[in-house]
Every structure is written in structure tokens, then in C-alpha cells.
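Trainee: Build me a model from this:
(chains A and B)
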Amino acid sequence: MDTASAPPLAAPLDIVFDYTRSLGPVLGRFMTGLRDRRVLGARTADGRVHVPPLEYDPATHAPVTELVPVPPTGTVTSWTWTDRPLDGQPLDRPFGWALIRLDGADTALLHAVEAGTRESMRTGMRVRIRWAAERSGHIRDIACFEPDPGPPRTPGDATSSDPDTSSGAGTGSDPDTSGELVTGIATPIRLSYTHTTSAEESRYLHALSEGRLLGQRCPACRKVYVPPRVCPADGVPTEEEVPIRDHGTVTTFCVVNVPFAGQRLDPPYVVAQVLLDGADIPIPHLILGEAGDVRMGMRVAAVWRPPTTWSTTPENIAHFRPTGEPDAPYESYQEHL
Amino acid sequence: MRRAAVLGTGQTQHQTRRTDVSMAGLCREAIDRALADAGVDWPQIDAVVLGKAPDLFEGVMMPELFLADALGAAGRPLLRVHTAGSVGGATGVVATTLVRAGVHQRVLAVAFEKQSESNAMWALSIQPPFTAPIGAGAGGYFAPHVRAYIRRSNAPEHVGAMVAVKDRRNGALNPNAHLRQPEITLDSVQASPMLWDPIRYDETCPSSDGACAMVIGDQAAAEASERPVAWIRATAMRTEPTYFAGKDHVNPRAGAEAAQALWQAAGITDPLAEVDVAEIYVPFSWFEPMWLENLGFAEAGHGWKLTESGETQIGGRLPVNPSGGVLCSNPIGASGMLRFAEAARQVMGRAGEHQVAGAKTALGHAYGGGSQFFSMWVVSDTAGR
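Mentor: Numbering: from 1, shown residues only, chains lettered A, B, ... in the order given. Alright, predicted model coming up:
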């Protein structure tokens, strides 16, 4: 393949983590209410009721302390329609995204309305909460909203009357006394990217797949970069390709003894900065063999995996090994520390 | 140039997990304390500047959106600052600049991190495709540079442990500190596990939840204050690429140039003689001597001698991190602002048990990224020139 004209290499990059949230006093009571099939709004100094609740009054900046129950019914104040729900959305079939002002509230909540068809949605339509069968104290405890044939309710009707459940929850008069307070939630997050390399990095990776190391020289400062990149000091593309030998000098290093989330190697292991012969910037890599004897200035050589396994990755070099040559003098690499 | 001063500071109780509060509540704990310390109320605040480390640390993109109510931003300008670990310092500098430019009279600066909601080590070790799996968090990044410093300066091995002992004992004087270890000794530090050789467990910063806030005002606001203020004599920020051929990871050019600009702007010719106390961003113990050199308190290769001779202890020539510093509390986004605020508290005479007697001039310093972003300020008890 003519790698010079090939498109840059690209691969998926998925970042996944289960973040947690501590809720604090206001959101904790709100989530606890949802678990118990009750909706609580925050009353601010001007008398308005905010659903979902605010933690701080936007006018006075004082902490919100008064939470009031509101009914599970409300009115659509605006909406749009989605024909193709995405993963993670409240419903897996076409639904309306609506701003819903619950009866007794002064602000609107964004949620899904299971209306069947787009034609059934309208501003002003009456809706009510469909509670999730299993609730943990999370906004998803509201499965969605559905059309409500009944008349508007007053805040005095704030208890749930979902006809599909009969757990008995939600009938208490004090919103703070049922069960343990929900103090935290988990919020798993997945980010899916396509990571695309630069043209220079692609050429470097293609060379690696042939067992070669490739550098590029900056036309301004004449420094050789491995891997090639736009020169960070001069801001210009590196151009002239320079073959780099797979031998080098350990400038400095770290022995990693600590395990951590996402780690792909078992500690302890040595990560060294290796200044390849002919390069002006070190690359980080592993040093194996006499691991306890790794030292600054040690001469090392790349240990390549079997050629049949090579691909466009620096992992074609399994690690570096000591060559047994005399150590490089400190003066020869001190400018690269 | 117009003058500006710190009117008040506030900070949270820093600890591993503040599960009693939301991010909003964490920020407000610091903000409410800063407003009270400054003796000002919300109507007197003209603008809000928020600093936070990378969003992946909590997994909330643009937290300034949902925090607007808690930060009192309604009806006011709100700015967000991003400069990795130095962001708390950079946030203080941005707030100061808004005041000095005459745009606002009083600006609220806030910085926070809720590390317990995520895992910074994980977030700093994300591995993109086409790379080898060799990252190991901030410790793995900085340990080789610490080794290089030790080699370059011929510093004795125990200097790093001395810094840890000093800072943890200082932290025991600071009721807000996350780690308070009055009993720590050189032997116990040296007996602690080697994590990222040459960095031991007791020589690393903790993972903390915490926030810091400051009210920065103009000359009229400062003169109207009933309590002592910290006059901001100079600020400086500099940046350099994370990696470039010839980068000096031990003594980065951007840090040295920022310090030079800072001392010049403050009219300071001999920092060691003219600065009474320094709050320096030291996430791993050896960065104390490294930054003493980078900041110009000592010649290159000699910073460790100040540490070893005890001159950086409270009572020494230049007490460094009397609050306990980052080694005792590390809510990353707030850590830089804590350095700036602690410097201000010293010259206001409001540092409590870790007050350096007679402190008139203090340095606050922060750095972030791969020794890439630097921010610093000098504050004094008088307005100066």
C-alpha cells in the first residue's frame, strides 16, 4: 500500500466510568420522594415552586430549605417528537420530549411523554407520571409521562394515585418520613469517539508495522521528533523523514509499584524515557531484564514482537532490554531531562 | 495600574469524601465563608469566575451551567477558567485582572473539585488508540522528573521525606486540612511504600473533596473594608508545550519566566530576603526544592539546601506551605486557589495556628498539566508603590 497517500489511521476510543453524585439535602429529599412516588418542589422566597428543585434561590442566593409536594399530574407547555429514540433515552419507541409543568409548580420539567403518535401530542395536553416498577431514588423512577384524562389537580392532591401500583407508598402526609434518605446516585457515563491520527503519525505507525522507527526533522529548529508531529516549539510541520535506530539511552525512569483503575500491566514495572539514537526527544517505554538494575544513562535496545504479529502500533516493541554497552555519559543526555 | 486586593477568603473542610453535600453545596460552603470573611454580601458582587480542573475528573461537562444558581451568577457575568491543576491560581489571576482593568469593583473567584465522584488517576490514564499502555497517572508522569532533579542537584535522598514531614505537621495546625499528622517522622515517611519509585506513599498528595473562594476588590472596596486586606502587588501566568525537544522538566522555562515577570512587577529583587512566606504547589514532596529553584529563591541545584537546613519550616527564613499545602489537601481544581488564598491569609494576619509571625509579603503559586501552566501572585499587607 502507498502509505503516503493512505487516509490517516483511525480507531474507536470508548471512555466509560461509573461516576457517583452526592446529592446534598435538597436533591436528596427530591430523589427520596421519587423513590416513594412523590414529587417535591422547591419553594423560593418569591413564593414560586420549582420542579425539579433548585438548591439555591436564584434571586436571593439563599439555600432552599422548603420542599413542598406537588401532584403527579401536569400540563405540557411545549414539546417535540422523536421518531428514533437513542440508547439510554427513557423510551425505546417513538415518543414526545416535553416540557411539563406539574400542577402547583411554576417551572417545567423535561421528560418523555408516551403519546403513541406525534399527532396525539399538543401543547396544553394533560399528562401524568407513569412510575417505574422498581425505584431507587433517581430521575428514572419516573418511567415517563402518559396522557391523563382527568381534570387538573390542586397541590392538595399531591399524593400519587397511579392505578397500576398499590404499594401503599406515597400516601403519607410528611414527605420526609418514609424510609431511608437517598444521599447519592450513580451516573454511568460512556463516551464513544473515533480517534484519528495525524498524517505524520500514520506514517510513523505504518513504518512500525514494518519494523521500522521513523522520525521527522523540524525545518526550523532541526530537532528530530519521534513520533513525528508539528514541532511544539516552532509550530511548523516536521517534514524531512529520518530513520531512527531501535537502540537508545534511558534518560530517566520510574518504577511503577501502584495498582490503579484501568491499568493494563501488573506492577511492578519500569517505565523509562528512552532517547533513541538520532532523536531529540525521548519516548516512554517499558524496560525489562535486570529491572532492579535500570539506571539513568543505561543503553537499551528494542525487543520486537514476532513480525507475524506486527500492526500499526508501538506495541510491536514489547519492551526495551539492556544491551550491556557502557552507560552513556550524563552530559550526553542531560539536555533531554 | 489600578490596585486590587483580596478582601476575604473561604475554604471547605477538605476530606476524602464530602458525601454530605452536592457540588453546589461544596462550592457554597467556601463562598459563604469568603463573603463573611470579606464582610460583603451578594449585592456587592459584580461578577463570578469559576475554576475547575478537567471535566473528566467529575464527568460533568461545563459544571458552570448547573452551578449558576449556587454560584450566585444570576444577573452577573460568569466566566470559567481551564488550566488543569493550576486553574485555581489562574482563576484568582483572572478575577484580579477584571478588577485591575476597571471592569468590576468586586469579583467572586471560586474553585472546586469533588474527587470522590470519580477517579483522577483513571482520568489521567486514558489510553488513546495507537499508543502503548504505559501511563500511570500523575505520579508516573512526575516521578522520572523527580529522579532527574535528584541526579542533577545531587540532593541527599532524605530531602523529599523532610518536605513530607514538614508539610504534614503544618497541616496538623490547619483545621481545614484533609491530612493532619502531627506524629509523622522522617522514619515513618521513609518506611512508607514506594509507589512510583522514587516517590513514596507519604510523599504524595491525597485525593480530596474541597473548594476555595476569594472576594477580590478594587482600591475603593479595599479601603472600605473594616478588616485587613491582602494587596495584590503582582500576578503572572506563563505557558509552554507539554513536550518539546529540549524541554526542561526539572526547571521549566515557563515557570522561571513567570517568576521573573512576577518579581519584576512586584519590585522584588531578592525574593528570599523580601518574601516572608510562600504557598507553593507541591503535589509530590520533591517539588518543593524544584520549585524553590524555578521561582528564583535558590540557584539551580541548591533548592534542597533550603529545605534540608530547615529554612522552609515555620520559623525559618522562608516558611513554605505553613497550611500543609497540596501534600495535606488536594481538591485539584481548588488546590491552586488554596495556595493563593493561604498567601493572602498570611498577610491579613488571619491564618490561625499556622500564621507566620509578622508575615508582610507572601507568594501564592500553582502549576498544572505536565509542568505546562504556571500562575502566581505576590500579596502584601500594604498597597506598596
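
Trainee: continuing past the lengthiest helix in chain A, what's the next helix or strand?
Mentor: Longest helix in chain A, counting residues (DSSP state H): helix A:24-35. Where DSSP states H and E defines the elements, the next helix or strand beyond helix A:24-35 is strand A:39-43.

Trainee: Let me see the ranges of the helices in the chain.
Mentor: Picking chain A for this. Under the criterion DSSP H, chain A carries helices at the ranges A:24-35, A:199-208.

Trainee: look at chain B instead
Mentor: Ranges of helices in chain B, per DSSP H, are B:23-38, B:63-66, B:87-100, B:120-123, B:137-153, B:159-171, B:186-191, B:219-224, B:253-266, B:271-274, B:287-294, B:303-308, B:325-328, B:332-348.

Trainee: Kindly reformat those as CSV containing mean pLDDT and distance to chain A.
Mentor: Glycine gets a C-beta too; all of them are placed from N, C-alpha and C. Converted to CSV, the helices of chain B look like this (pLDDT from 0 to 100; distance: least, Cβ to the nearest Cβ, whole Å):
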stretch, mean pLDDT, distance to chain A
helix B:23-38, 98, 4
helix B:63-66, 93, 10
helix B:87-100, 98, 18
helix B:120-123, 84, 4
helix B:137-153, 92, 4
helix B:159-171, 98, 14
helix B:186-191, 98, 15
helix B:219-224, 97, 19
helix B:253-266, 98, 10
helix B:271-274, 98, 25
helix B:287-294, 98, 12
helix B:303-308, 98, 16
helix B:325-328, 98, 17
helix B:332-348, 98, 15
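
Trainee: Output these in TSV; the columns should cover mean neighbour count and distance to B:Gly364.
Mentor: Converted to TSV, these look like this (neighbours: other Cβ atoms under 10 Å in any protein chain shown; distance: least, Cβ to Cβ, whole Å):
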stretch	mean neighbour count	distance to B:Gly364
helix B:23-38	23	15
helix B:63-66	16	23
helix B:87-100	27	7
helix B:120-123	20	22
helix B:137-153	23	21
helix B:159-171	25	16
helix B:186-191	15	26
helix B:219-224	17	17
helix B:253-266	20	10
helix B:271-274	16	13
helix B:287-294	28	12
helix B:303-308	22	18
helix B:325-328	29	11
helix B:332-348	31	4
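
Trainee: Distance to A:His138 added to these, as TSV?
Mentor: Putting those into TSV (distance: least, Cβ to Cβ, whole Å) gives the following:
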stretch	distance to A:His138
helix B:23-38	17
helix B:63-66	17
helix B:87-100	31
helix B:120-123	23
helix B:137-153	31
helix B:159-171	38
helix B:186-191	44
helix B:219-224	45
helix B:253-266	45
helix B:271-274	54
helix B:287-294	42
helix B:303-308	50
helix B:325-328	35
helix B:332-348	27
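
Trainee: So which of these is nearest B:Val378?
Mentor: Ranking the helices of chain B by distance to B:Val378, with Cβ to Cβ as the measure, places helix B:253-266 first at 4.4 Å.

Trainee: Dump that closest one to CSV, restricted to CA.
Mentor: Extracted in CSV, the C-alpha atoms of helix B:253-266 (Å, rounded to 0.1, in the frame of the first residue of the first chain):
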residue,chain,number,x,y,z
ARG,B,253,11.2,27.7,31.2
ALA,B,254,7.6,28.9,31.6
GLY,B,255,7.7,28.7,35.4
ALA,B,256,11.1,30.6,35.5
GLU,B,257,9.8,33.3,33.1
ALA,B,258,6.6,33.7,35.1
ALA,B,259,8.6,34.1,38.3
GLN,B,260,10.9,36.6,36.7
ALA,B,261,8.0,38.7,35.5
LEU,B,262,6.3,38.4,38.9
TRP,B,263,9.3,39.6,40.9
GLN,B,264,9.9,42.4,38.4
ALA,B,265,6.2,43.6,38.5
ALA,B,266,6.3,43.4,42.3
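
Trainee: could you check the angle helix B:287-294 makes with that helix?
Mentor: 60 degrees (axes from the mean of the first three to the mean of the last three Cα atoms, to 10 degrees).

Trainee: Counting by contacts, list what helix B:253-266 packs against.
Mentor: When contacts are defined as 3 or more Cβ pairs under 8 Å, 6 or more residues apart in numbering or on different chains; DSSP states H and E, helix B:253-266 packs onto strand B:230-239, helix B:287-294, strand B:373-380.

Trainee: how close does the residue nearest to B:Asp55 when sequence neighbours are not counted sit to A:Leu34?
Mentor: Spatial nearest neighbour of B:Asp55, excluding adjacent residues (Cβ to Cβ, 6 or more residues apart in numbering or on different chains): B:Met61 at 5.2 Å. Noted for B:Met61: a distance of 24 Å to A:Leu34, by Cβ to Cβ, to the nearest Å.

Trainee: Please apply the same query to A:Ile129.
Mentor: 9 Å.

Trainee: Bridging across strands, which residues link to the closest residue to A:Met298 other than its chain neighbours?
Mentor: Nearest non-adjacent residue to A:Met298, counting by Cβ to Cβ, 6+ apart: A:Val250, 4.5 Å away. Here A:Val250 sits in beta bridges with A:Val274, as judged by DSSP bridges.

Trainee: could you give the angle of the longest helix of chain A to strand A:39-43?
Mentor: Interaxial angle, helix A:24-35 versus strand A:39-43 (the same axes, to 10 degrees): 150 degrees.

Trainee: same for helix A:24-35, what does it pack against?
Mentor: Partner elements for helix A:24-35 (3+ Cβ pairs under 8 Å, 6+ apart): strand A:39-43, strand A:67-70, helix B:23-38.

Trainee: That helix vs helix B:23-38, what angle?
Mentor: Orientation check (the same axes, to 10 degrees): helix A:24-35 against helix B:23-38 gives 160 degrees.

Trainee: Helix A:24-35 - what's its average pLDDT?
Mentor: For helix A:24-35, mean pLDDT rounds to 97.

Trainee: what's in contact with it?
Mentor: A:23, A:39-40, A:42, A:52-55, A:63-64, A:67, A:69, A:135-139, A:141-142, A:175-176, A:178-183, A:185, B:20-22, B:24-25 (Cβ atoms under 8 Å, 6 or more residues apart in numbering or on different chains).
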